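Enquirer: Prediction below, plus the sequence it came from.
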Amino acid sequence: MTAGRTAQVSPIFSSCVFPVEVLDEIFVWCLADKHEFPEIANLSLASYQFRQIVLRQYFVTLYAHSRESWSNICQIPGVFSWVRVLNCISVSLFSGLSNLLCFHNLREVHIDFSPEGLHTQQTCARKIFKYLPAKLTALELSYLPKIDVDLLSRIALKFPMLKALKLSCSERLINDCCWECYEESSSCTIHSPIPDIYIDADDMAYAFGSALKPLKHLEHLHLGIYLSELELFYYHILHCQMVILPSMNRVWPHAPNDCEHCCQNFADEVRTTELFASAALARYVPSVKTICWSSFFAADEPGDYPDEQTTMVWVMRKDGKVKVRRAVW
């Protein structure tokens, strides 16, 4: 380069355009644990391009836990095409149920039914299901008052493409307060449907399996109910009040899984029932690979999650027979 001449920079190096695809991956990593909008506000204000990428990634999973948040979010331009996963509470959707029709790319839905009761669950579910897309591949309904044939039939007919279905009642039991609250909360949910609703596990498996038959793609099924008989729950409460409570120098077992007496006398039978029910139910849903139940007697073994009071059973089909066990085949 000679003196007095202006340096000529090649157009190739005059500007550096960062690939949008790489930016997308960076923001996916940055926003992985960001669930509150203030956490992404600065990034969204950096530039138009940043704002579009950040909002698109942030709203892949939509959290709507109030009527106000649901109404406000549905007014954001572009949000209907961004959302893949919806996580909400049932009552929040009723400020604009028809908005659900606009989420064309929705694939996974988690709904908290804690505001509903035994007499409102059916109506609430029917209204919400009406507006959800039929092509869902995963559905989770938590804090349900009950799991019955009506609910299962509605789900199976409305969402035939489901691969994962999680329904749960057992978390409605209040197990972090006192026995009175624990017993009272049990009256607001059908957590143990045997034998009051179904005679035995075989009867329940036939009812549930028949309702779930239309789900030809279902691989993972979680039913958050206890397969121990309802009498066990009340026997535990009565035994604690009559035998353990007077002994003030002992630790009071809150639930049956904390009670040495219940574990010794009922655990083996209940765990056998869970395996039997899984095998019976799997015969009606040929595609299912795993089945989970709520269990008071989940142990420190493969397939068991004691902290969550859950047990998982893996299904194997060979030579026309169904085999189950609490471990991967």
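Expert: Sure, I can see it.
Enquirer: Give me the distance between the two termini of stretch 320-328.
Expert: Using C-alpha to C-alpha, to the nearest Å, one end of stretch 320-328 lies 19 Å from the other.
Enquirer: Can you tell me what sits against it?
Expert: Contacts to stretch 320-328, defined as C-beta atoms under 8 Å, 6 or more residues apart in numbering, come from residues 275, 278-279, 282-283, 291, 301-304, 311-317, 329. C-beta here means a position set from N, CA and C on the backbone, and glycine is covered the same way.
Enquirer: where's Val285 relative to Gly303, distance?
Expert: For Val285, the distance to Gly303 equals 19 Å [C-beta to C-beta, to the nearest Å].
Enquirer: More neighbours: those two, which one.
Expert: For Val285 versus Gly303, neighbours defined as other C-beta atoms under 10 Å are more numerous around Val285 (23 against 18).
Enquirer: Kindly confirm my reading that that one is in a strand.
Expert: No - counting by DSSP: H, G, I helix; E, B strand; the rest coil, Val285 falls outside a strand, being coil.
Enquirer: Isn't it up against Lys213?
Expert: Yes - using C-beta atoms under 8 Å, Val285 is in contact with Lys213, at 7.0 Å.
Enquirer: Quick one: the strands in the stretch 51-200 of the chain, in order.
Expert: Taking DSSP state E, counting those that start in this stretch as the test, the strands found in the stretch 51-200 of the chain are 61-64, 85-89, 108-112, 138-142, 164-168.
Enquirer: okay if I get those as JSON lines plus distance to Tyr235 and mean pLDDT?
Expert: As requested, the strands of the stretch 51-200 of the chain are arranged in JSON lines below (distance: least, C-beta to C-beta, whole Å; pLDDT from 0 to 100):
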{"stretch": "strand 61-64", "distance to Tyr235": "41", "mean pLDDT": "91"}
{"stretch": "strand 85-89", "distance to Tyr235": "34", "mean pLDDT": "97"}
{"stretch": "strand 108-112", "distance to Tyr235": "31", "mean pLDDT": "98"}
{"stretch": "strand 138-142", "distance to Tyr235": "27", "mean pLDDT": "98"}
{"stretch": "strand 164-168", "distance to Tyr235": "24", "mean pLDDT": "98"}
